[in-house]
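J.: With the input below, show me the fold.
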Amino acid sequence: MPTKPVPFEKLHKDGSLWARGQTLDDLPTGYWEWFRKDGTKLRSGHFERGEQVGEWTTYDRTGAVYKVTTIK
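T.: Below you'll find the predicted structure:
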């Protein structure tokens, strides 16, 4: 029986959002985002069966794209 992705969030110690995505069979899957303590996005990208895939974007403190890395 196929399982469905489960929403996932992890918080910094101060209670602010650190990471948001979804898991499938306890592995990261689909689109994920990480955030700094001030709430600005730090990184985003996709997982398949727990492995990073495709383009991963890192953002500077202003929210502008700093670099894009392609995972083979």
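J.: can you pull the buried residues of stretch 63-72?
T.: Buried residues in stretch 63-72, counted by 16 or more other C-beta atoms under 10 Å: none are found. C-beta coordinates here come from the backbone N, C-alpha and C atoms, glycine included.
J.: now stretch 33-52
T.: By 16+ other C-beta under 10 Å, the buried positions in stretch 33-52 come out as 33-35, 42-47.
J.: Which neighbouring elements make contact with whichever strand or helix holds Gly21?
T.: For Gly21, the host element (DSSP states H and E) is strand 17-24. Contacts defined by 3 or more C-beta pairs under 8 Å, 6 or more residues apart in numbering; DSSP states H and E place strand 17-24 against strand 6-11, strand 27-35.
J.: Out of the buried residues of stretch 33-52, which is nearest to Asp60?
T.: Closest approach to Asp60 among these (C-beta to C-beta): Leu42, at 9.3 Å.
J.: Could you double-check that the closest one sits in contact with Ala19?
T.: No - counting by C-beta atoms under 8 Å, Leu42 stays clear of Ala19, with 9.3 Å between them.
J.: any common contacting residues for the two?
T.: Common neighbours of Leu42 and Ala19, using C-beta atoms under 8 Å, 6 or more residues apart in numbering, are 34-35.
J.: highest average neighbour count across the helices and strands packed on strand 17-24?
T.: Across the helices and strands packed on strand 17-24, averaging neighbours per residue (mean count of other C-beta atoms under 10 Å) puts strand 27-35 on top, at a mean of 17.
J.: got the angle between it and strand 17-24?
T.: 160 degrees (axes from the mean of the first three to the mean of the last three C-alpha atoms, to 10 degrees).
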